[in-house]
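Novice: my questions concern the predicted model and sequence given below.
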Amino acid sequence: MISLEIQGLPPTTNQAFVNHKGGRHLSLEAKWFKEAVQTVVACNRVKPIHGQVQVSLIFYSEKWFTKAGIPRRIDVANLEKLFVDAVFEQLGMDDSCIFSLNLHKRPGPELSVIKIQPLEMP
């Protein structure tokens with residue numbers, strides 16, 4: 001199993017790209033997040049998994065709730081795209097091999113966690 005922790009949250013799908021000179025490019029925030037992923041992968045000397053995988057993403061933040069305890073309208077699925085793309089790119093893995101994907105929001109200091117493991121077929 002691969003387990004990686006990246007400080008902070010990835011930019012949402014809407015914040016990850018900017019329109020510039022007739023094309024779409026990564027935003028500065030997205031580039032910084034991808035660099036953080038690259039550093040974490042290199043420091044952990046992670047080896048890729050070949051074949052079908054299951055992925056669990058856990059996003060920690062104090063932003064999920066208002067001070068009154070009401071859930072904010074923050075779509076966890078919008079955090080998935082850049083995070084998965086960055087990690088799988090750095091590992092040399094193809095994200096089309098993801099056959100199971102679980103997303104979780106948890107209260108706590110901002111942290112993004114990805115767990116990747118081979119998919120056990122019945």
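Specialist: Everything's here; your move.

Novice: every contact and neighbour count from this point should use C-alpha atoms.
Specialist: Fine.

Novice: in the chain, which residue is most central in space?
Specialist: Note on the chain: the residue nearest the mean C-alpha position is residue 83, at 2.5 Å, using CA atoms, centre = their mean.

Novice: thinking it is in contact with residue 10, fair?
Specialist: Yes. Contact criterion CA atoms under 8 Å: residue 83 and residue 10 qualify, at 6.1 Å.

Novice: re earlier: so who does the residue nearest to the centre of the chain touch?
Specialist: Neighbour list for residue 83: 10, 34 [criterion: CA atoms under 8 Å, 6 or more residues apart in numbering].

Novice: quick one: average confidence on the longest helix seen in the chain?
Specialist: In the chain, taking DSSP state H as the definition, the longest helix is helix 28-44. The pLDDT scores in helix 28-44 average 93.

Novice: and what of stretch 84-96?
Specialist: On average, stretch 84-96 scores 95.

Novice: residue contacts, the nearest residue to residue 98 once chain neighbours are set aside?
Specialist: Spatially, and ignoring its direct neighbours in sequence, residue 98 is nearest to residue 53 (5.0 Å; CA to CA, 6 or more residues apart in numbering). Counting by CA under 8 Å, 6+ apart, residue 53 makes contact with 97, 98, 99, 100, 116, 117, 118, 119.

Novice: and residue 117, by the same measure?
Specialist: If you count contacts by CA under 8 Å, 6+ apart, residue 117 has them with 1, 2, 49, 53, 54, 55.

Novice: phi, psi of the fourth one?
Specialist: For residue 53, the backbone dihedrals are phi -130, psi 160 (criterion: degrees, to the nearest 10).

Novice: tell me how far it lies from residue 78.
Specialist: Remark: distance between residue 53 and residue 78 (CA to CA, to the nearest Å) = 21 Å.

Novice: residue 99 in helix, strand or coil?
Specialist: strand (DSSP: H, G, I helix; E, B strand; the rest coil).
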